[in-house]
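*Asks:* sequence-free structure coming up:
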Ligand SMILES: O=C(O)c1ccccc1NCC(=O)[C@H](O)[C@H](O)COP(=O)(O)O
């Protein structure tokens, strides 16, 4: 039996959209604490959203290059299940965050070349999960959430030391092909379920989760 693809909807800002995502079968919801993002939520908003999230859906806090003072404050105020590090954090920093806060850490990194895929092993030693995203262009204002895909052949047939998520420009139209090509069992997205930057669309959330969960089994030959 093929297990259903696990979907993470990132950058949620409305309780109603969390309900939609959970009812449609999302495994994770992500709250974005990067202040320059159109998906940003402050700690009070995130706390309210976290309390509205059904049990069984993991609440992920997305941060970018933050220090311990920030994480102390965040984790005191918001009941999160996992921390996503989506900046230039080193393997040592990933290990430190795990150790200090006792929560599973998802380390995200961008991939554009075969060389970049070496990060799978580097972070696979220290993170609980890996999130492979498109590498942002040099002039990009944000390290994620840019709606850009990468060459999925780069992550086909890799050995994955830890559970991983495929991200970067996924949409209802391309997620089945992405799963078939890469064998991803988990997918993450933000802009592909939005009607405008930072504005989630409930119908797109439902349609995306359905497309991901009904994607045909991977063709890895
Ligand atoms: O989404 C953001 O605004 C963002 C800003 C800064 C760092 C990371 C960010 N998002 C990270 C995510 O987990 C996204 O879901 C992932 O990059 C995929 O985004 P998209 O290509 O828009 O689906």
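*Replies:* Nice, I can see it. Quantities reported herein were computed from a predicted structural model and do not represent experimental measurements. Numbering: from 1, shown residues only.
*Asks:* Skip the chain neighbours and tell me the closest residue to the closest residue to the ligand within the chain.
*Replies:* In the chain, no residue comes nearer to the ligand than residue 145, which is 2.1 Å away by CB to the nearest ligand atom. C-beta: built from backbone N, CA, C; applies to glycine. Nearest residue to residue 145, sequence neighbours excluded (CB to CB, 6 or more residues apart in numbering): residue 190, at 4.6 Å.
*Asks:* The residue most central in space within the chain: which element?
*Replies:* Centroid-nearest residue in the chain: residue 188, 4.5 Å away (criterion: CA atoms, centre = their mean). Remark: residue 188 resides in strand 186-189, with elements defined by DSSP states H and E.
*Asks:* repeat for residue 96
*Replies:* Element membership for residue 96, per DSSP H and E: helix 91-101.
*Asks:* residues making contact with that helix?
*Replies:* Helix 91-101 has contacts (CB atoms under 8 Å, 6 or more residues apart in numbering) with 68, 71, 75, 83, 85, 89, 104-105, 107, 122-123, 125-128.
*Asks:* and if we set it to 6 Å?
*Replies:* Residues outside helix 91-101 that contact it (CB atoms under 6 Å, 6 or more residues apart in numbering): 75, 105, 107, 122, 126-127.
*Asks:* So which residues of this structure form strands?
*Replies:* 6-9, 28-32, 58-63, 82-85, 105-111, 129-134, 164-166, 186-189, 194-196, 199-200 (DSSP state E).
*Asks:* could you dump those to a markdown table with distance to the ligand?
*Replies:* Shown next, in a markdown table, are the strands of the chain (distance: least, CB to the nearest ligand atom, whole Å):
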| stretch | distance to the ligand |
| --- | --- |
| strand 6-9 | 7 |
| strand 28-32 | 5 |
| strand 58-63 | 6 |
| strand 82-85 | 6 |
| strand 105-111 | 6 |
| strand 129-134 | 5 |
| strand 164-166 | 8 |
| strand 186-189 | 4 |
| strand 194-196 | 8 |
| strand 199-200 | 11 |
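*Asks:* can you list those in TSV and add mean pLDDT?
*Replies:* Listed next are the strands of the chain as TSV, based on pLDDT from 0 to 100:
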stretch	mean pLDDT
strand 6-9	98
strand 28-32	98
strand 58-63	98
strand 82-85	98
strand 105-111	98
strand 129-134	98
strand 164-166	98
strand 186-189	98
strand 194-196	97
strand 199-200	98
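*Asks:* for the ligand, what are the nearby residues on the chain?
*Replies:* Residues of the chain found near the ligand (CB under 6 Å from any ligand atom) are 10-11, 30, 32, 34, 37, 39, 62, 64, 86, 133, 142-148, 167-170, 188-192.
*Asks:* at 5 Å instead, please
*Replies:* Residues of the chain that fall close to the ligand, judged by CB under 5 Å from any ligand atom: 10-11, 34, 37, 39, 86, 133, 142-145, 147, 167-169, 188-191.
*Asks:* Now which of those residues would you call buried?
*Replies:* Buried members of those, counted by 16 or more other CB atoms under 10 Å: 10-11, 34, 37, 39, 86, 133, 143-145, 147, 167-169, 188-191.
*Asks:* Columns neighbour count on top of the contacts of helix 91-101, output as a markdown table?
*Replies:* What follows is these, written out as a markdown table (neighbours: other CB atoms under 10 Å):
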| residue | neighbour count |
| --- | --- |
| 75 | 17 |
| 105 | 22 |
| 107 | 28 |
| 122 | 16 |
| 126 | 21 |
| 127 | 28 |
